[in-house]
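Chemist: Below is the structure, and that's it, no one-letter string:
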């Protein structure tokens, strides 16, 4: 038996999440039973979708429970094993989330190869956020080579990969982000054709500047004013992938939707909502393509890493204030 | 040369259109020139989309011009001809709209067979509104047999056919309309499984009552509160055909959109805007299927007919107050 820390939901946030909504607890983790392994997490992930799970409502994933440990993606190492399948030293991805260590059966874990990519990549560019970018473009938005694409939240884990994939496909790519440093990074380092700081306002003016002939695809991570501006600048038969709406996740009141949705009628626009699990049948294509692009140097990925599980609440809150460039992670070891 | 009447746009309506925005003019129509015919219209169509053309703005069809005759669908008879292709007595469909008679070349006209269906049907169930219902269901909404479908504005030309087609495909069909008489008509005469009067409010409650397990398809003719209620009651992977938004066509200020659009993300909903011309390649299928269903007695259609071209402005305004059951037409002869 060993002692480790985990993070529990102390209270459901109303508005922005803060330290007061989380509790760091020290718990005894038993030795693994027959067929079980003990996993020591190296990294855990915080992701915007987790905000939705903090509301007590029906959704595509069940809500977090007050007093219970928060679930979420993590990668770690088997440090004690009663399983031949996963000997000590194996590396695994899991969904047990916000804890330093845990007991599980091999069937609940996904082995990963740290020789193929750094361990942390399995939570980002080669994990859920990366696959979200991939299926959002190719499945939800039916991206075609050479189109004009706008990605909001483009400096985040999903947006930064979506933009780079669209560039690989010969598209003209616009991105929005929340600081001038991020904007410069998108253009100078990630190859975006045009980027702008949404905090300066006039989103539609920026889109007109970056794409005078309009947009074929909008990859929406933000919702709200971003969605309204993009709707006003779509070309005929354009597609909008509704991936996230981080602008509204902390709203305490319903916010009116885009007043110009009826533009979709005359232009024949398609708005396709999705979460990554709707397109699980694209997993093999995703892994093959994105790992290939990483090896070929065509895709870069950023990580913002905070150290220590006690930093997880701050890392999570930082998603909504723009503290991260690329994937936001917490290093646990 | 003969004298006929036509209707011109006198002023662009702000809010609801009224008589003051139209002008009935008497004009001399010359005899047909070489290769031309003179067409005497029997029926002209007023359709909700025409409201959009009264704004001076870029859209999928050019705006009407103040002082010019209004365009639109009509059916009539050739009463003088210099064309062997269309002798006197031929019947034709045209887009020259709000006039009793006009000169045209055969290439601008579409011959119709009054033996196959009453002349007026070519402006409704076998015309643009009918095809809108057909492609909206099968193309925009990808209707599958046996699904649960909600049609708003279900007593109108488009909605009443959309509902009946869905019934033919074994679907459970809900409809909304603006009077108790229309609601009874939908259920008693057109075979809807459930219908409600939207003027009584609580749209979501009505949808829950009529479709306890949720909606697979929403055929949206209304927008606004109807769209918001439907979004809150869609099943996973549901499709919404954005066909019209008659609730907002006369708005003088942009109206906020649905506050619950982000529900599309987790549920994987698709919202597909369309106008009938986007799916012109479905024309042959539409004519074959719908004319067959009419002959087989599987599809009924209603017409609300006003007499005399001077009634056209009132007929048009009546679309927005719910004066029509089925297709709103003006009889010109």
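Modeler: Arrived safely. Just so we're clear, the structure is a prediction, and the values are computed from it rather than from any experiment. Numbers count the residues shown, from 1 in each chain, chains lettered A, B, ... in the order given.

Chemist: Relative to residue A:243, how far out is the residue nearest the centre of chain A?
Modeler: Centroid-nearest residue in chain A: residue A:129, 3.9 Å away (criterion: C-alpha atoms, centre = their mean). For residue A:129, the distance to residue A:243 equals 10 Å [C-beta to C-beta, to the nearest Å]. Glycine gets a C-beta too; all of them are placed from N, C-alpha and C.

Chemist: list the residues that contact both of these two?
Modeler: Jointly contacting residue A:129 and residue A:243 under the rule C-beta atoms under 8 Å, 6 or more residues apart in numbering or on different chains are residue A:158.

Chemist: Up against chain B, what does the stretch 151-300 of chain A have?
Modeler: Applying C-beta under 8 Å from any C-beta of the partner chain, we find that the stretch 151-300 of chain A lies next to chain B at A:223, A:227-228, A:236-237, A:242-245, A:248, A:254-275, A:278.

Chemist: what sits against the residue in the stretch 101-250 of chain A that chain B sits nearest to?
Modeler: With C-beta to the nearest C-beta as the measure, residue A:245 is the residue of the stretch 101-250 of chain A nearest to chain B, at 4.4 Å. By C-beta under 8 Å, 6+ apart, the contact list for residue A:245 reads A:220-224, A:227, B:262, B:265.

Chemist: what's the answer for residue A:72, then?
Modeler: For residue A:72, the contact set (C-beta under 8 Å, 6+ apart) comprises A:44-47, A:50, A:95, A:97-98.

Chemist: nearest residue to it other than its sequence neighbours?
Modeler: residue A:97 (3.6 Å; C-beta to C-beta, 6 or more residues apart in numbering or on different chains).

Chemist: Also residue A:259?
Modeler: residue B:254 (3.9 Å).

Chemist: Can you show me the strands along the stretch 51-200 of chain A?
Modeler: For the stretch 51-200 of chain A, applying DSSP state E, counting those that start in this stretch gives strands covering A:74-81, A:91-94, A:101-104, A:110-111, A:148-151, A:172-177, A:194-197.

Chemist: Who are the packing partners of the fourth one?
Modeler: I take that to be strand A:110-111. Where contact means 3 or more C-beta pairs under 8 Å, 6 or more residues apart in numbering or on different chains; DSSP states H and E, strand A:110-111 is packed against strand A:91-94.

Chemist: The second one too?
Modeler: With contacts defined as 3+ C-beta pairs under 8 Å, 6+ apart, the packing partners of strand A:91-94 are strand A:37-45, strand A:74-81, strand A:110-111.

Chemist: what about 7 Å?
Modeler: Contacts defined by 3 or more C-beta pairs under 7 Å, 6 or more residues apart in numbering or on different chains; DSSP states H and E place strand A:91-94 against strand A:74-81, strand A:110-111.

Chemist: Where does the stretch 1-150 of chain A get nearest to chain B, which residue?
Modeler: In the stretch 1-150 of chain A, the residue that lies nearest chain B is residue A:60 (3.8 Å; C-beta to the nearest C-beta).

Chemist: Give the closest residue to that residue in space, chain neighbours not counted.
Modeler: With C-beta to C-beta, 6+ apart, the residue lying closest to residue A:60 is residue B:266, at 3.8 Å.

Chemist: OK, contacts around the one you found?
Modeler: Residues near residue B:266 by C-beta atoms under 7 Å, 6 or more residues apart in numbering or on different chains: A:59-60, A:275.

Chemist: swap in residue A:79?
Modeler: Applying C-beta under 7 Å, 6+ apart to residue A:79 gives the contacts A:38, A:40, A:88.

Chemist: tally of neighbours for the first one?
Modeler: Applying other C-beta atoms under 10 Å in any protein chain shown, we find 22 residues neighbouring residue A:38.

Chemist: At which residues are the helices of chain A located?
Modeler: Taking DSSP state H, the helices of chain A run over residues A:49-53, A:128-135, A:157-168, A:180-188, A:203-210, A:224-231, A:263-267, A:283-295, A:312-321.

Chemist: Determine which of these approaches residue B:20 most closely.
Modeler: Using C-beta to C-beta as the measure, helix A:263-267 is the one of the helices of chain A that comes nearest residue B:20, at 27.1 Å.

Chemist: how about the closest one: buried residues?
Modeler: Neighbour-count burial for helix A:263-267 flags A:263-267 (criterion: 16 or more other C-beta atoms under 10 Å in any protein chain shown).

Chemist: before we move on, what about stretch A:192-207?
Modeler: Under the neighbour-count criterion of 16+ other C-beta under 10 Å, stretch A:192-207 has A:192-198, A:203, A:206-207 buried.

Chemist: Average pLDDT for that stretch, rounded please.
Modeler: Mean pLDDT, computed over stretch A:192-207, is 97.

Chemist: Could you check how far that stretch is from the centre of its chain?
Modeler: Its chain's average C-alpha position is 22 Å from that of stretch A:192-207, according to C-alpha atoms, centre = their mean, to the nearest Å.

Chemist: Contacts only, for the nearest residue to residue A:177 once chain neighbours are set aside.
Modeler: The shortest distance from residue A:177 to any non-neighbouring residue, by C-beta to C-beta, 6+ apart, is to residue A:155 (4.1 Å). Shown in contact with residue A:155 (C-beta under 7 Å, 6+ apart): A:177, A:182, A:185-186, A:325.

Chemist: Any regions of chain A where pLDDT drops low?
Modeler: Along chain A, the model assigns pLDDT under 70 to no residue.

Chemist: how does it divide into domains?
Modeler: Using automatic domain parsing, the domains assigned to chain A come out as A:2-124+A:301-331, A:128-279.

Chemist: got the contact list for residue A:7?
Modeler: Residues counted as contacts of residue A:7 (C-beta under 7 Å, 6+ apart) are A:22-24, A:69-70, A:98, A:309, A:312.

Chemist: can you count the residues close to the residue lying closest to it once chain neighbours are set aside?
Modeler: Nearest residue to residue A:7 in three dimensions, chain neighbours excluded: residue A:98, at 4.0 Å (C-beta to C-beta, 6+ apart). Neighbours of residue A:98 under the rule other C-beta under 10 Å: 28.

Chemist: isn't residue A:98 right up against residue A:45?
Modeler: No: Residue A:98 is beyond contact range of residue A:45, at 9.3 Å (criterion: C-beta atoms under 7 Å).

Chemist: Around chain B, which positions in the stretch 1-150 of chain A sit nearby?
Modeler: Proximity of the stretch 1-150 of chain A to chain B (C-beta under 7 Å from any C-beta of the partner chain) is limited to residues A:59-60.

Chemist: quick one: residue A:264 from residue B:239, how far?
Modeler: Counting by C-beta to C-beta, the separation of residue A:264 from residue B:239 is 13 Å.

Chemist: Repeat that for residue A:296.
Modeler: For residue A:296, the distance to residue B:239 equals 38 Å [C-beta to C-beta].

Chemist: And for residue A:167?
Modeler: Taking C-beta to C-beta, one finds residue A:167 at 31 Å from residue B:239.

Chemist: Which residue of those two possesses the greater neighbour count?
Modeler: Relative neighbour count places residue B:239 above the other of residue A:167 and residue B:239, with 25 against 18, counting by other C-beta under 10 Å.

Chemist: residues touching the more buried one, list them.
Modeler: Contacts here follow C-beta under 7 Å, 6+ apart; on that basis residue B:239 touches B:141-142, B:217, B:270, B:272.

Chemist: Among these, name the buried ones.
Modeler: Using 16+ other C-beta under 10 Å as the burial test, the contacts of residue B:239 include B:141, B:217, B:270, B:272 as buried.

Chemist: And for the residue lying closest to the last one once chain neighbours are set aside, the neighbour number?
Modeler: With C-beta to C-beta, 6+ apart as the criterion, residue B:272 has its nearest non-adjacent residue at 4.2 Å, and that residue is residue B:140. Counted by other C-beta under 10 Å, the residues lying close to residue B:140 total 28.

Chemist: and residue B:140, what does it touch?
Modeler: Residues in contact with residue B:140 (C-beta under 7 Å, 6+ apart) are B:241, B:272, B:274.

Chemist: Give me the subset of those residues lying in strands.
Modeler: By the criterion of DSSP state E, membership of the contacts of residue B:140 in strands covers B:241, B:272.
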